[in-house]
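[1] Kindly generate the corresponding structure for this input.
(chains A and B)
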Amino acid sequence: MAFGRVVRTTAFKLSAIYFVVFTAFALVFVVSISKTTDRLIGDQVRETLDAEIRGLAEQGRLGGLPAVIRTVDQRSRAPGASLYVVTDAEGDVITGNVTAIAPALMERVGLDPVAINYQRMADVASVNTALVQVLQLPGGYRMLVGRDISETQKFRDIVERSLFSIVVLMIGLALVSWFFVSRRVLKRIDSVAATSRRIMEGDLSGRLEITGTGDEFDRLAASLNAMLDRIEALLYGLKDVTDNVAHDLKTPLTRLRNRVESALAGPERSDAYRAALEATIEESDHLIRTFNALLMIARIEAGSPDGSRAPVDLAEVAADVVDLYEPLAEEAGVALSVEAEGAVTVEGVRELIGQALANLVDNAIKYAAGEEGDLRTPAARIHVRREGDLAVVTVADNGPGVPEADRARVLQRFVRLEKSRSQPGSGLGLSLVAAVARLHDGSITLDDAGPGLAVTLRLPAR
Amino acid sequence: MLSLPVARDIGYRAPMRILLIEDDREAAAYLVKALKEAGHVADHAADGETGAHLVEDGHYDVLVVDRMLPKRDGLSIVAEMRRRGDDTPVLILSALGQVDDRVKGLRAGGDDYLPKPYAFSELLARVEVLARRRKPGETDTLIRVGSLELDRLSREVRRAGQPIPLQPREFRLLEYLMKHAGQVVTRTMLLENVWDYHFDPQTNVIDVHVSRLRSKIDKGFDEPLLHTVRGAGYMIRDGVR
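    Just a heads-up that it's a prediction; the model follows:
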């Protein structure tokens, strides 16, 4: 984890911003709490001081100076007492419980309380802090009254210190957790980057790691993986098609070329030329047809065309297709029948659904005839119905069917089973049906019609 | 020498002026030649701008417009002439796929749509049909070809006075063929106009329908009216000419 790279990460930038903001807030918080504490404590001490002074003033008024001095003397001895110093006109201490008072201090008569350091007479060893006020008494006497504030200051210090240590601890924890979080994030991102690099290098099977925690990275990885699956499938599909196009278009193209060549090499007779040319046109028509079918499948697989979707009644389309194929079926000796349970409507592209059904019926007629020696009357049936939310069409024949192992394969482009090679066709019919089913968010399944093949198309009903 | 069915079978008609807007020069040259041999006057524009000017200037009976053209899109030319109120029939050619492009092409004002790659015979047949679309006879209730009569109101068909019973679909098939008597009608044109589907049937479905119809209208008569045009399609025409 190079430092520069860490600094450039979003996680780092966000953390840095949070860090600064959080620290600033914490400092403001600590300072304001200690200030408030300070003020509260100060106010309280001043109030006590005021009360003390008022009490002594009362004594003075009732019993004169001697009463004050007596009271002070008395109070000074009590443990934990306030601080008292009484001086005469010369500034000599008459009574009190504080040592070493600077003479200048006693001059601050009538001024606001001030904080000083002092030592108690009873305990000379420790220096403490107090808030004191000096009063003028009659006859040049002065009196200092004070309250110890070192306890409260200690309390304030403790509060401040603990707040500071909490802030420092929190900042430390934030740094540590950021370090681990960003390292985890970076690790995940690095793994995504590594996987995509591997995919770009050509390994299409690469997938993002899913840790199973179900976090946002997992969700992202899952959806990216789904995308990769689709891309891989499309790419392999494309590769398959390219291979098949190469094979299935090359063969007729070669045939085409050879035919023209042999016509040119043959006798110069117009009827021979004519025959060759007509065969050439037929062959190229077949090529165009195959090519168009391929393009169409590609287009359908690329996604839905726009506004060509409309409500389509499958029963109606089935009837159209049967109408179209009925003479062909009759000629082939196949009994073609359609059974529909009322209108079954889907939202779709009529042309494509029509073509899909036509392809299925075409196949059914072709293969219903069965093998030689089969005494059954060849038959092809279309059954249109609704099953819950699905519009279902089954086209079944009673021919040899398709072995279970081959059923998935025949849906692929250009796949033709050995037995059907003799039949005309491009091997694209069923793949087009499958593509149409996918376009309509439907499915296609091949089943045993016992005997024969039953192809079922399921589309979401409207 | 081109011996396309259109040229061979149609015989003399008033020449049509056809404008071909297509950037594939070789295909265009071939087509222009074939159209001329069929007795028509054909002009060619190799890009959209030239094409649009010619459309504005000349009076053509039919336009063949490629969708993707240099300088200007074919559909915009069609849309513009339709806005001007010009209703010259237009056949749109396109290398683009099917369903949705056809819809777009027709919405832009095209009268017919042919995806590439196409067979020349298919294109020529469609041009012929388009060009004659507005000719009188189109709305006649009684269509006659030789001794064959089709009454579009009573939906009756007679050959030499004898009624021929037809299924509704057979009637529509015959009606379409007779409406375009003397013109080549391709299998896809039949599928489009009689069944209203635009796909390409994989096997000879249309052929079977036509041969059924043929057995009903031509059987027992010396002069066949319904002809197969090899490599192109079908044509109904009076044999005695």
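[2] Count the neighbours of A:Phe12 for me.
    17 (other Cβ atoms under 10 Å in any protein chain shown). C-beta here means a position set from N, CA and C on the backbone, and glycine is covered the same way.
[3] and it, that's in a strand?
    No - A:Phe12: not assigned to a strand; according to DSSP: H, G, I helix; E, B strand; the rest coil it is helix.
[4] My guess is it contacts A:Arg183. True?
    No - if you go by Cβ atoms under 8 Å, A:Phe12 and A:Arg183 don't touch, sitting 10.9 Å apart.
[5] overlap in contacts of these two?
    Between them, A:Phe12 and A:Arg183 share no contacting residue under Cβ atoms under 8 Å, 6 or more residues apart in numbering or on different chains.
[6] measure B:Thr228 to B:Asp207 for me?
    Using Cβ to Cβ, to the nearest Å, B:Thr228 is found at 8 Å from B:Asp207.
[7] which one of the two has more residues nearby?
    More crowded of B:Thr228 and B:Asp207, by other Cβ under 10 Å: B:Asp207, with 18 against 14.
[8] Model confidence for that one, exactly?
    On pLDDT, B:Asp207 comes in at 89.
[9] residues contacting it?
    Taking Cβ under 8 Å, 6+ apart as the test, what B:Asp207 contacts is B:Arg187.
[10] So which residues of the stretch 301-450 of chain A form helices?
    With helices called from DSSP state H, counting those that start in this stretch, the stretch 301-450 of chain A shows them at A:314-332, A:350-368, A:429-439.
[11] Go through those and pick out the most buried.
    Counting by mean count of other Cβ atoms under 10 Å in any protein chain shown, helix A:350-368 has the highest mean neighbour count of these, with a mean of 26.
[12] gap between that one and the chain center?
    Put simply, helix A:350-368 sits 44 Å off its chain's centre (Cα atoms, centre = their mean, to the nearest Å).
[13] before we move on, what about stretch A:444-458?
    Taking mean C-alpha positions (Cα atoms, centre = their mean), stretch A:444-458 and its chain are 41 Å apart.
[14] how long is it from one end to the other?
    Terminal residues of stretch A:444-458 are spaced 6 Å apart (Cα to Cα, to the nearest Å).
[15] List the buried residues of it.
    Neighbour counts over stretch A:444-458 (16 or more other Cβ atoms under 10 Å in any protein chain shown) mark A:444, A:446-447, A:449, A:452-458 as buried.
[16] Among these, which one sits closest to A:Glu331?
    A:Gly452 (19.8 Å; Cβ to Cβ).
[17] For the residue nearest to the closest one when sequence neighbours are not counted, give its distance to chain B.
    Spatial nearest neighbour of A:Gly452, chain neighbours left out: A:Asn398 (4.1 Å); criterion: Cβ to Cβ, 6 or more residues apart in numbering or on different chains. Counting by Cβ to the nearest Cβ, to the nearest Å, the separation of A:Asn398 from chain B is 19 Å.
[18] Tell me the buried residues in stretch B:224-241?
    Neighbour-count burial for stretch B:224-241 flags B:225-227, B:229, B:231-237 (criterion: 16+ other Cβ under 10 Å).
[19] Make a markdown table from these and add distance to chain A and pLDDT to it.
    Putting the buried residues of stretch B:224-241 into a markdown table (distance: Cβ to the nearest Cβ, whole Å; pLDDT from 0 to 100) gives the following:
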| residue | distance to chain A | pLDDT |
| --- | --- | --- |
| B:Leu225 | 19 | 87 |
| B:Leu226 | 15 | 89 |
| B:His227 | 16 | 88 |
| B:Val229 | 12 | 85 |
| B:Gly231 | 4 | 71 |
| B:Ala232 | 9 | 80 |
| B:Gly233 | 12 | 87 |
| B:Tyr234 | 15 | 91 |
| B:Met235 | 17 | 89 |
| B:Ile236 | 18 | 88 |
| B:Arg237 | 21 | 85 |
